[in-house]
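Asker: Okay, sequence plus prediction incoming.
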Amino acid sequence: MKKILNDPGNYADEALSGMCLAFPHLYTQSGEAGRVITRAESASGKPGVVSGGGSGHLPTFAGYVGPGLLDACAVGNVFAGPAVMDCMDAIRAANTGKGVLLLFGNYGGDKMNFAMASEMLEAEGIETRTVLACDDIGSASRDERQKRRGVAGLIYAYKIAGAKAEQPDVTLDEVADVAQRALDNTLTIGVALSPCTVPEAGKPTFMLADNEMEIGMGIHGEPGIRRGPLLAADTLADEMLNALLEDDGIQAGDRVAVMLNSLGATPLEELFILWRQVQAGLLQREISFCPPQIGRYATSMEMAGASLTLLKLDDELESLLKVPVASPWWSNVQ
């Protein structure tokens, strides 16, 4: 295992510490173990928005704390859900008396611990709502959407819910409703070219031959739709786009937001090669789109590969996406 680290057991803690030192105007590290990231300047008089998940996916999850995005985030070990107490501390930090939206991926550990945290905080009078990201079409059929994993599409929900929560006099239910509507219209498919190595394990999470790729693989190495030979970029782009369009029924005249995301090791050059063909496919089908988000948004350590996300827009969702934010990882510059 070749990684830039000290003790593998300190990997997540030192990464979070470094992120907060790099951006002290945005992030504050708190919680008993330092596993809760909150805004450097907390907001007041608004519904809170909280997320959580394992380390190894930066800038997801904790990197999206900031004005117009999340108020707090609880972080677990690499590829492991956050602890119940950290979930509770994050919810408390985000609560200003108007309730807290819990917005995270559809993973068993995350669901269990956030459910326990919210149940215990009811005694403190903190109202919560939960919205799960289930955007990964590689993990279950269209008819079993509630079984799908949450992947990069969660970031669109962060942006939309975060912008909605900043509006005057908005309620927790309104923030939860718009987050749910965004995720109901969001789909993602990923492709892996190589595995990653969890520092504490010291070995690859799965194996792929040099001439293989896996379509639909999850961000922890979970199985996808199929494994097969490495495809040319244009063929791969067509296959990914077709899978999303066939699943959701996006059609001519619709407008979408598009995210082309590196899973960690894939460089921008290769994402732009894919984007050429994705854009051509959308234009051919007369589907309009916002300026795309292309870069590292939801990673899987040093996994080589990419994911493609489409969000079918309406007027409100698009307007909320355009609201400026203060974040190193999201730009509204067009």
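Answerer: Alright, I've got the coordinates. It should be emphasised that the depicted structure is a prediction, and the values quoted were computed from it without experimental measurement.
Asker: where in the protein is pLDDT low?
Answerer: Applying pLDDT under 70 to the chain flags residues 333-334.
Asker: now the strands: where do they sit in it?
Answerer: Per DSSP state E, the chain carries strands over the ranges 27-30, 36-39, 48-55, 72-78, 100-105, 128-133, 186-194, 212-215, 226-229, 255-262, 288-289, 293-295, 304-312.
Asker: how about these in JSON lines, adding mean neighbour count?
Answerer: C-beta coordinates here come from the backbone N, C-alpha and C atoms, glycine included. Shown next, in JSON lines, are those (neighbours: other Cβ atoms under 10 Å):
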{"stretch": "strand 27-30", "mean neighbour count": "19"}
{"stretch": "strand 36-39", "mean neighbour count": "26"}
{"stretch": "strand 48-55", "mean neighbour count": "28"}
{"stretch": "strand 72-78", "mean neighbour count": "26"}
{"stretch": "strand 100-105", "mean neighbour count": "28"}
{"stretch": "strand 128-133", "mean neighbour count": "22"}
{"stretch": "strand 186-194", "mean neighbour count": "26"}
{"stretch": "strand 212-215", "mean neighbour count": "20"}
{"stretch": "strand 226-229", "mean neighbour count": "12"}
{"stretch": "strand 255-262", "mean neighbour count": "22"}
{"stretch": "strand 288-289", "mean neighbour count": "14"}
{"stretch": "strand 293-295", "mean neighbour count": "18"}
{"stretch": "strand 304-312", "mean neighbour count": "26"}
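Asker: if we compare the ones you listed, which one ends up closest to Gly249?
Answerer: With respect to Gly249, and counting by Cβ to Cβ, the nearest of the strands of the chain is strand 304-312 at 9.0 Å.
Asker: The closest one - contacts with which helices or strands?
Answerer: In terms of contacts (3 or more Cβ pairs under 8 Å, 6 or more residues apart in numbering; DSSP states H and E), strand 304-312 is packed against helix 153-165, strand 186-194, helix 233-248, strand 255-262, helix 268-284.
Asker: what are the pairing partners of it, and which direction each?
Answerer: Paired neighbours of strand 304-312 in the sheet (DSSP bridges): strand 186-194 (antiparallel), strand 255-262 (antiparallel).
Asker: Please enumerate residues in contact with the shortest one?
Answerer: Okay, so that is strand 255-262. If you take Cβ atoms under 8 Å, 6 or more residues apart in numbering as the criterion, strand 255-262 is touched by 152-153, 155-156, 250, 268, 271, 274-275, 278, 282, 287-290, 292-299, 305-313, 317-318, 321.
Asker: circling back to that earlier point, which of the strands paired with strand 304-312 sits closest to Gly18?
Answerer: Closest approach to Gly18 among these (Cβ to Cβ): strand 255-262, 20.2 Å.
Asker: how does this structure divide into domains?
Answerer: 9-184, 186-321 (automatic domain parsing).
Asker: hey, which of the ones you listed is tucked in deepest?
Answerer: domain 9-184 (a mean of 21; mean count of other Cβ atoms under 10 Å).
Asker: Between the two ends of that domain, how far is it?
Answerer: Length of domain 9-184, first residue to last, Cα to Cα, to the nearest Å: 37 Å.
Asker: so Gly202 touches Pro8, yeah?
Answerer: Yes: contact criterion Cβ atoms under 8 Å: Gly202 and Pro8 qualify, at 7.1 Å.
Asker: Who does Val78 form a beta bridge with?
Answerer: Counting by DSSP bridges, Val78 is bridged to Ser55.
Asker: Spit out the contact partners of it.
Answerer: Contacts of Val78 by Cβ under 8 Å, 6+ apart are 11-12, 54-56, 198-200, 301.
Asker: All good on my end, thank you.
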